[in-house]
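Asker: turn this into a structure:
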Amino acid sequence: CRKKMNRFDYAYKLLSTYANQAKVVITSRIHVGLPATALGIPVIFIAPATGELPGGSANTGRVAGLLDVFHQVHTKRRRKGGWRFGNLDGKIPLSDGVHRADRYRASFWHSLKTTHFYKDTATIFGMIPLQRLGREIIRDGIQQTFHFLLQNRTELTWQSQRAIEHVFFFHPNSKVFIHSNEITKDDLLIFFETGYDLIVQKYDLDLLLKNQDLYDELRNNWSSLPFLLLRKHGGVFVSKNTLVLKIIPADIKEGVVLEEIGVPAMAYYNQNSSEALKILKSSNQTATMKQHDRSTSWSFPVLSDIDTVKCSENDTWTLGKGLDTVLAVSLHSQSYARMEKIKIDTDCYKIVEKPCIFCDEIHWNF
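Answerer: Have a look, this model is predicted:
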């Protein structure tokens with residue numbers, strides 16, 4: 001028993017040293033790098049150029065997905081992957097890979113909180129909300145503001161939550177607004193608990209119309225609401241059926257991609273945009289939206305009812321282009337809403353389930 005306690009004491013002293021004294025940790029040991037990263041200490045991981053790590057190969061799966069959370073330096077490699085930190089003067093930033101660590105922690109907490117005494121203990125000791133490691137790693141040149149419109153609680157499903165997760169997967173430090181007059185912060189508490197910047201706020205359609213001096217006939221036109229919100233706030237509107245699959249650059253041109261039923265799947269307009277105003281003031285708003293849709297330079301696949309079913313059930317069906325080349329995919333609203341389980345290795349499995357944050361929620365089968 002004494003020997004075991006000595007080991008615990010030694011481990012605690014090491015962790016205390018990392019947390020309180022280390023500016024950076026240089027190591028070739030996973031069991032050193034991971035706790036240091038978890039404590040917010042930058043780690044420079046030294047690995048042989050062969051990829052062989054102490055205790056086993058990097059290709060065995062033992063370290064799969066873990067090395068990305070560190071800065072990596074490969075010995076005997078002068079070009080890519082060589083030493084690039086000078087003499088360690090100044091602040092050493094965390095690796096961009098800590099966003100992956102944040103996702104692992106978020107998924108773990110999502111599972112852990114189902115046991116009430118773990119949840120209560122974490123809350124009592126101030127562990128929740130999680131302080132994301134990547135919160136200070138701000139990437140320039142990408143979109144930072146996103147909007148979802150969920151008119152009532154029936155629209156808050158695992159599918160619409162996945163759409164929100166996809167935005168944070170590729171834009172972890174963005175602000176995501178959920179516009180709803182029924183949904184509250186408590187309905188989406190998991191995002192707040194895991195440190196993501198989600199803002200749930202009500203909207204007043206009459207006030208939006210009045211403030212922007214728009215036609216009274218728009219009051220009952222719900223398809224106008226995304227454009228009204230973007231005119232007020234600016235940013236990217238994403239429908240609950242649209243899954244973002246890449247980082248969206250900040251310099252994309254204003255435009256809209258429509259779902260099959262003619263409502264926006266995604267739209268980007270600046271605050272007080274004159275182009276968004278043209279849509280709102282058009283006597284034939286549907287035709288004007290379609291004109292903007294045709295001219296949008298960043299278009300992406302919008303699947304029909306039949307193709308959405310094939311996408312989720314047929315592992316030989318493909319989009320016809322590599323998923324790594326498309327900005328997003330919009331699934332048919334009714335087919336997506338009926339989707340309970342997705343067949344593994346289908347395109348929809350790769351679209352819906354792969355870029356997840358709370359990955360302990362499984363919506364696929366064999």
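Asker: surely residue 5 is within a helix?
Answerer: Yes. Counting by DSSP: H, G, I helix; E, B strand; the rest coil, residue 5 falls inside a helix.
Asker: from residue 11, how far out is it?
Answerer: Distance of residue 5 to residue 11, given as Cβ to Cβ, to the nearest Å: 11 Å. (Each C-beta comes from the backbone N, C-alpha and C, glycine too.)
Asker: compare those two (neighbour count), which wins?
Answerer: Remark: of residue 5 and residue 11, residue 11 carries more neighbours, 12 against 9, as counted by other Cβ atoms under 10 Å.
Asker: and the more buried one, that one's in a helix?
Answerer: Yes. Membership of residue 11 in a helix is supported by three-state DSSP.
Asker: just the pLDDT for it.
Answerer: On the pLDDT scale, residue 11 is placed at 89.
Asker: ditto for residue 335
Answerer: The model reports residue 335 with a pLDDT of 94.
Asker: my guess is it contacts residue 342. True?
Answerer: No. In this structure, residue 335 is not within contact of residue 342 by Cβ atoms under 8 Å, at 11.5 Å.
Asker: which residues are common contacts for the two?
Answerer: Common contacts of residue 335 and residue 342, defined by Cβ atoms under 8 Å, 6 or more residues apart in numbering, comprise residue 312.
Asker: helices of the stretch 101-250 of the chain, residue ranges please.
Answerer: 116-124, 158-170, 189-193, 205-211, 225-233 (DSSP state H, counting those that start in this stretch).
Asker: after the one helix or strand in the chain whose mean pLDDT sits lowest, which helix or strand is next?
Answerer: One helix or strand of the chain scores below all others by mean pLDDT, DSSP states H and E: strand 56-57, with a mean of 56. Next along the chain after strand 56-57, taking DSSP states H and E as the criterion, comes strand 71-75.
Asker: send the alpha carbons of that following strand over as CSV?
Answerer: Extracted in CSV, the C-alpha atoms of strand 71-75 (Å, rounded to 0.1, in the frame of the first residue of the first chain):
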residue,chain,number,x,y,z
HIS,A,71,3.4,20.1,-32.0
GLN,A,72,5.4,17.4,-33.8
VAL,A,73,9.1,17.3,-34.6
HIS,A,74,10.6,14.4,-36.5
THR,A,75,14.3,13.7,-35.9
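Asker: so what secondary structure elements neighbour it?
Answerer: Judged by 3 or more Cβ pairs under 8 Å, 6 or more residues apart in numbering; DSSP states H and E, strand 71-75 is in contact with strand 43-48.
Asker: what's the strand it packs on packed up against?
Answerer: strand 25-27, helix 30-38, strand 71-75.
Asker: and it with helix 30-38, angle?
Answerer: Calculated by axes from the mean of the first three to the mean of the last three Cα atoms, to 10 degrees, strand 43-48 forms an angle of 150 degrees with helix 30-38.
Asker: flag every buried residue along strand 43-48.
Answerer: Buried residues in strand 43-48, counted by 16 or more other Cβ atoms under 10 Å: 43, 44, 45, 46, 47.
Asker: which two among those residues are spaced furthest apart?
Answerer: 43 and 47 (11.9 Å; Cβ to Cβ).
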